[in-house]
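1. below is the sequence, then the predicted model.
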Amino acid sequence: MIKLALFAVGFFFLSIFQTSFLVHYSIYGRVLNIILVIVVLYNLFESRDKKTGIYIAILGGFFLDVFSNTFIGLNIIIMLLTSVAIKIGLKKYVRIPLAEKD
Amino acid sequence: MNYCRRKRKWIAPVLAVLLLIILANVFQNQVRSAFHCISNPFQASFWTAGEKSSDFIQGLSKISAIKDELDSAIQKNAELEKRILSLKNIEEENDILKRALDIDLNKKYELFPVKIISKNKDSVVLNKGSRDGLAEGMPLITEGEIILGKIAEVHQDYSRALLISDKSISFDVFIAHDGQEIPAFAEGKGNLILSLGYIPQERTVAEGDIILTSSLGGVFPKSLMVGRIKNVLRSDTDSFQSAEADLYFSLTEIKNIFAVKPL
């Protein structure tokens, strides 16, 4: 729970950073999505059985939605689908020995 | 049975997420304004920082282009300064010519305004040459019709003139004394000294008498101011008197000089 709260605070500031600071460094109009990168990395290296990555994806998506112009939910769905896809992919097809602590 | 349980396990979180999305969208204005209210100060600082840093980084990436632009700007600036200087010179010349017009100098002569750019003993270098219409032998005068010398060498863009005090210069003058014109012969002695000779013994000349050019020798036009008699040297054994003269001009004080061609 504390981990999620910390992620919530972190994502809040990261989404502000992404929408206010990184927009000045867009490449061909594209801005680096740090939250997506974090969500992907977290889900990649999280234990297959744990679900924190999915909650983190929802949180990240929510903050991205709040600071974007789209309807609230688009980024949540994208992040959630990404996270679930990674989880399923890892569970069914990939083994990363170093990531599997338990 | 297990499949159903597993399915049920997922239904609740999915429904929760959907509910969250629906609620957030229903109250999206309130949700967004609440978050923006908190984040505004941070966003402002991030925006400013991003703007400044990106400007700096863009500046770094365009540094070679900026350097080229700077070089070209410096070059253009130099060209413009040169142009301004030349326009200033033209303006000055125009002013001089206007003043000269007022004293009717241009009715007697065709005027070529020149400037002294260097001096060596009793010769000076002028800033204009044959391209500007100067020719060898042209007298140099001031706007007050004081004779300075004559042009000895003419090049395309500059000329060299000899002052009347140069040792190679000699010319006919007359001394104005009590309304009389006494002929004499002037010779340069160097170092801005001019001596007068061949002043007839029977004529009286005195210190302070004005010396004017004579057209007799054809060197200078008539009635240009040369100087004043400084001291008269008279000897009974000589058939002529001689004198030393103070020149009217002082090179440091002269501002406007013309090379002239009598009309």
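-> Sure thing, it's come through. Numbers count the residues shown, from 1 in each chain, chains lettered A, B, ... in the order given.
2. which residues of the stretch 51-200 of chain B fall in helices?
-> B:63-102, B:105-108 (DSSP state H, counting those that start in this stretch).
3. so what does the top helix by length along chain A touch, helix or strand wise?
-> Using DSSP state H, we find that the single longest helix of chain A is helix A:74-92. Judged by 3 or more C-beta pairs under 8 Å, 6 or more residues apart in numbering or on different chains; DSSP states H and E, helix A:74-92 is in contact with helix A:34-45, helix A:52-66, helix B:2-26. For the C-beta atoms, the positions are set from N, CA and C on the backbone; glycine is no exception.
4. nearest to B:Q201, of the ones you listed?
-> Nearest to B:Q201, of all the helices and strands packed on helix A:74-92, is helix A:34-45, at 112.6 Å by C-beta to C-beta.
5. ok, residues contacting that closest one?
-> Residues from elsewhere that reach helix A:34-45, judged by C-beta atoms under 8 Å, 6 or more residues apart in numbering or on different chains: A:11, A:14-15, A:17-18, A:22, A:52-54, A:56-57, A:60, A:63-64, A:78-79, A:82-83, A:86-87, A:90, A:96, A:99.
6. repeat that for stretch B:153-170.
-> B:114, B:117, B:121-131, B:134-136, B:140, B:147-152, B:171, B:185-194, B:219, B:226, B:247, B:251, B:259.
7. swap in 7 Å and give it another go.
-> B:122-131, B:134-136, B:140, B:147-152, B:185-194, B:226, B:247 (C-beta atoms under 7 Å, 6 or more residues apart in numbering or on different chains).
8. buried set for that stretch?
-> Neighbour-count burial for stretch B:153-170, counted by 16 or more other C-beta atoms under 10 Å in any protein chain shown, picks out B:154, B:158-166, B:169-170.
9. for the longest helix of chain A, give the mean pLDDT please.
-> Confidence over helix A:74-92 (mean pLDDT, whole number) is 89.
10. that helix to helix A:52-66, inter-axis angle?
-> Put simply, helix A:74-92 runs at 160 degrees to helix A:52-66, going by axes from the mean of the first three to the mean of the last three C-alpha atoms, to 10 degrees.
11. buried residues in helix A:74-92?
-> A:75-80, A:82-83, A:86-87, A:90.
12. thinking again about what came up before, can you redo the helices of the stretch 51-200 of chain B as JSON lines with distance to chain A and mean neighbour count?
-> Listed next are the helices of the stretch 51-200 of chain B as JSON lines, based on distance: least, C-beta to the nearest C-beta, whole Å; neighbours: other C-beta atoms under 10 Å in any protein chain shown:
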{"stretch": "helix B:63-102", "distance to chain A": "18", "mean neighbour count": "11"}
{"stretch": "helix B:105-108", "distance to chain A": "68", "mean neighbour count": "15"}
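13. could the ones you listed go into JSON lines alongside distance to B:D178?
-> Below are the helices of the stretch 51-200 of chain B laid out as JSON lines (distance: least, C-beta to C-beta, whole Å):
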{"stretch": "helix B:63-102", "distance to B:D178": "31"}
{"stretch": "helix B:105-108", "distance to B:D178": "26"}
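14. nearest to B:P200, of the buried residues of helix A:74-92?
-> Nearest to B:P200 out of the buried residues of helix A:74-92 is A:N75 (C-beta to C-beta; 117.2 Å).
15. contact partners for the closest one?
-> A:61, A:64-65, A:68 are the contacts of A:N75 under C-beta under 7 Å, 6+ apart.
16. at 6 Å instead, please
-> A:61, A:64-65 (C-beta atoms under 6 Å, 6 or more residues apart in numbering or on different chains).
17. may I see the ChimeraX selection of the buried members of the residues you listed?
-> Per 16+ other C-beta under 10 Å, the buried members of the contacts of A:N75 correspond to this ChimeraX selection:
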select /A:61,64,65
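18. where are the low-confidence patches of the chain?
-> Assuming you mean chain A. A:29, A:95-102 (pLDDT under 70).
19. please go with chain B instead
-> Looking at chain B by pLDDT under 70, you get B:1-7, B:96-106, B:252-253.
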